[in-house]
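> This is a predicted model, with the sequence first.
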Amino acid sequence: MNGYTNRILFVNINDNSVRIIPTEKYIEQFVGGRGIAVKLLYELTPKNVDPLSPENVLIFMTGPLTGTIVPSSGRIDVVSKSPQTNLLGGSNAGGFFGPELKYAGYDGIVVTGRASSRVYIDIYNDDVEIKSAENLSGKGVFDTVKVLRKSDEDAQVACIGPAGEKLVNLSGIAFSMRNYAARCGLGAVMGSKNLKAIAVRGTRGLDVAMPDQLKQMADEMRERIKATPSYKEFPEWHHKLFRVLEADAKTFFGNYDDTLWDGRFEAYENAEKFVKGAELKLQSCFGCPLRCWAYINVKNVRKASVVACQGTLTSIVNFAKIKDFNEVWEAYLLFQDMGLDVSGTSATIAFAMDLYSKGILSKTQVNTINLTFGDGNAFASLVEKIAGKESIGELLADGIKKASEKLGEAAKKLAVFAKGGQELWLMEIRPFKGVALSCAVTDSGSQNRATYGLCEFYYRSMKTQAETVARNIVGTEEAAQPTKYEYKPKLVAVYEDMHILADSLGVCSIPFMPVGLELWAKAYTASIGRETSPKALMNAAERIRTLERLFNIREGLTRRDDMIAERMFNEPLKEGPWKGEALDKGMFEKMIDEYYVLREWDSDGKPKPETLKRLGLEDICA
Amino acid sequence: MNKIIVVNYDKCIGCKTCETVCSLMHEGRINPSESRINVVKYEDIGINIPAFCQKCEDPTCAAACPMDAIIVDDYLGTYVDSSRCIGCKMCILACPIGGVSLHPANKKIIMCDLCKGDPQCVKSCPEQALEYVDVGKLSIKKRREGLEKLAKFLEMAKI
């Protein structure tokens, strides 16, 4: 078969049984990656499945373009029921694991059951072995990857750190040293299965239908990516992202109550000095020209080079207001090694710092840690405590919403989170109505999995580009203005569909829109040898989107769950370029109404019978 | 021999585009294990080194081959005549830099043939980390690059 390997590996670690099922029957309706993963999740889990029980399944799924010659095709989608939100949990990662899995002969891996002791899955082409991982218990991500690469340095590793082993809801799954499926607590799901890691090495390779055409398209795509502003800017984002956020007026500090923190410029300068003084080696994921991460070797701070991603470092500074970048760096390494979601955990610690400053958390409760904003040591010790679920860490390990519910009304009032209780992704959302809508309606996890790069993001810094995109999608450039409620439902729906397609085809969402759906569709055709079109793909995206919704409805979701924290409505911004902005309840509900209409769902957010019929989902009864 | 592929190590971003292009051009399918070029990664120190046949002037692989399957061409340097190869792997053992490998499916030797003088990896590399350089100009190119640091120093010191 072309493009696909047509084999999905099922591993039941209750009894170490392994079987293969063909991918083929899912392709036409669900494409691959995220699409097939949600279909499998729906099929394989019973209603109201406990996310941390053996009955939950953990799905790693590549797309038909993963590992092919087209650029940015290193992606893998991870899907399960999330222990953090009790809804569908999805997260997508780059790197090299996805391609390697396909070269070993698998489109995906589905893990069910729970091992009686800690294990890892070792895959070398057709050889699949479940081996003891007792020697890896409690080990950090860095050591785990090193140990598993001892016998084959080219093996790709997916693993959890101590946080995942302890079932911390803020834990993610690491792919080798840096790429994370960070969100939705998927690390805890892997931990609940007693599965420490999956190591994969493949030499079987992949067939494609039209090699010459595919190469031509890949060359054209690469050129298009290299013509984007991102391509020029990415190598400097490690320190410039602060300025980018500032230029787009997306910046906030602390627990969402400080826009113009007076220490911010000192913090930015420290970051810039730090990066300039370090040895930087730009890196890309599989097949990608974008160089959006780097090995940063900092002499006298930590000798070994470690891979750093742009956005995550920013989270630590913005949430915890730490000026000393050496401390930020140390905390970052700790996050990576413990296997934690950097943005969710940083948000949670900022929340705790806020509570402590207001006396809602007492000195005894925080174990006499000096839990104040700006204190890097306190921040780092909290990261460790959360990873180990020790003392105060136990309270915070499941994120802001669950911690606030344990602490009572005063804490609840200060809690900021999105749908299902997941922490927001790094940006101020009150002025950005489209992003806010997307935080509420998303059914697959974090908002950055739905509308990353929404044109209102960069309205202030690149107005013309933002307006062009808005005009192309909804017919008017006004739609690009962050504070406008009008047109946002349509904008969000289209971006969601684009993200679904990127995640389902197995390519990165960053270059997806700039390259254009037309070319991706052509590459898909050249890869699999079956005619397809942008229209057919958009139709598949809508089907996948609706199935994500159906899964959540099956798990008890109602319209009331399409919501974000109250503070975003009743606490207008006190300062900064968006002074006075908050979300308006009435306008917000109207956006949700419109969004449902666009999706052809009823006013409760339930897909209508005729919609299900049109999408070929009528057999799945919500 | 006229030209060889030269690696600018500091430019390589480790994306492995060269591997997919190479296997696609030579095998019509995608498989880094069937590629004639492989990016060796040292993740601890952040260094990526694309490795492939260096086109030795006095090739040990050809000397070791019992079947005379490794041809030494004036223009393209060493390459394999697959019809003669018996997969004995002597060349792999003899090559000092791991520039030769075994095809995982047909078990014959594969090595870079410079795409008959038009290397596709060089064309597809997004960072120009690979260059196709005239052998006669190689040392003067490296000399200039190497001495740039000294020149900058002299300029700074105003010597």
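All right, it came through fine.
> Contacts made by stretch B:90-103 with the rest, please.
B:33-34, B:36, B:38, B:51-54, B:60-66, B:70, B:87, B:89, B:108-112 (C-beta atoms under 8 Å, 6 or more residues apart in numbering or on different chains). Using the backbone N, CA and C atoms, a C-beta is placed for each residue, glycine as well.
> and the top helix by length along chain B, how far from the chain's centre?
Among the segments of chain B that qualify as a helix by DSSP state H, the longest is helix B:135-157. Shown here is helix B:135-157, whose average C-alpha point lies 23 Å from the average C-alpha point of the whole chain (C-alpha atoms, centre = their mean, to the nearest Å).
> is it anywhere near chain A?
No: counting by C-beta under 8 Å from any C-beta of the partner chain, no contacts exist between helix B:135-157 and chain A, the nearest distance being 15.9 Å.
> Can you give the contact residues for that helix?
B:1-4, B:6, B:133.
> Narrow the residues you listed to those that are buried.
Buried members of these, scored by 16 or more other C-beta atoms under 10 Å in any protein chain shown, are B:1, B:3-4, B:6, B:133.
> what sits against whichever residue of the stretch 501-622 of chain A sits closest to chain B?
With C-beta to the nearest C-beta as the measure, A:Ser527 is the residue of the stretch 501-622 of chain A nearest to chain B, at 9.4 Å. With contacts taken as C-beta under 8 Å, 6+ apart, A:Ser527 has the following neighbours: A:2-3, A:64-65, A:68, A:70, A:208-210, A:214.
> Can you list which of these are found in helices?
When the contacts of A:Ser527 are checked against helices (DSSP H), the matches are A:Leu214.
> I'd like to know which of the contacts of A:Ser527 are part of strands.
Judged by DSSP state E, strands contain none of the contacts of A:Ser527.
> Return the distance of the residue positioned nearest the centre of chain B relative to B:Lys149.
What sits nearest the mean C-alpha location of chain B, by C-alpha atoms, centre = their mean, is B:Phe52, with 3.1 Å. Noted for B:Phe52: a distance of 28 Å to B:Lys149, by C-beta to C-beta, to the nearest Å.
> likewise A:Gln447?
Here the criterion is C-beta to C-beta. By it, A:Gln447 lies 47 Å from B:Lys149.
> These two - which one has more neighbours?
Here A:Gln447 and B:Lys149 are compared on neighbour count by other C-beta atoms under 10 Å in any protein chain shown; more neighbours surround A:Gln447, at 26 against 9.
> Give me the nearest residue to the more buried one, chain neighbours excluded.
The shortest distance from A:Gln447 to any non-neighbouring residue, by C-beta to C-beta, 6 or more residues apart in numbering or on different chains, is to A:Cys439 (4.5 Å).
> try A:Leu598
Beyond its immediate neighbours in the sequence, the residue positioned closest to A:Leu598 (C-beta to C-beta, 6+ apart) is A:Ala493, lying 5.1 Å away.
> Which strand or helix spans the one you found?
Secondary-structure element containing A:Ala493, defined by DSSP states H and E: helix A:488-505.
> So which elements touch that helix?
The helices and strands touching helix A:488-505, judged by 3 or more C-beta pairs under 8 Å, 6 or more residues apart in numbering or on different chains; DSSP states H and E, are helix A:33-44, helix A:433-441, helix A:463-474, helix A:509-515, helix A:517-528, helix A:534-554, helix A:585-599.
> mind checking how far stretch A:122-137 is from the chain centre?
With C-alpha atoms, centre = their mean as the basis, the distance from the averaged C-alpha position of stretch A:122-137 to the chain average is 26 Å.
> Sorry, wrong one. I was asking about stretch A:495-514.
Its chain's C-alpha centre lies 13 Å from the corresponding centre of stretch A:495-514 when counted by C-alpha atoms, centre = their mean.
> For that stretch, measure first residue to last.
For stretch A:495-514, the first-to-last residue distance is 12 Å (C-alpha to C-alpha, to the nearest Å).
> In its sheet, which strands sit next to the helix or strand harbouring A:Val157, and in what direction?
Assigned by DSSP H and E, A:Val157 belongs to strand A:156-159. The strands beside strand A:156-159 in its sheet (DSSP bridges) come out as strand A:173-175 (antiparallel), strand A:195-201 (antiparallel).
> then the last one to CSV, C-alphas only?
In other words, strand A:195-201. Output of strand A:195-201 as CSV, limited to C-alpha atoms (Å, rounded to 0.1, in the frame of the first residue of the first chain):
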residue,chain,number,x,y,z
LEU,A,195,4.1,1.8,30.4
LYS,A,196,7.4,3.7,30.8
ALA,A,197,8.4,3.9,27.1
ILE,A,198,8.1,2.8,23.5
ALA,A,199,11.4,2.4,21.6
VAL,A,200,11.1,2.0,17.8
ARG,A,201,13.5,1.3,15.0
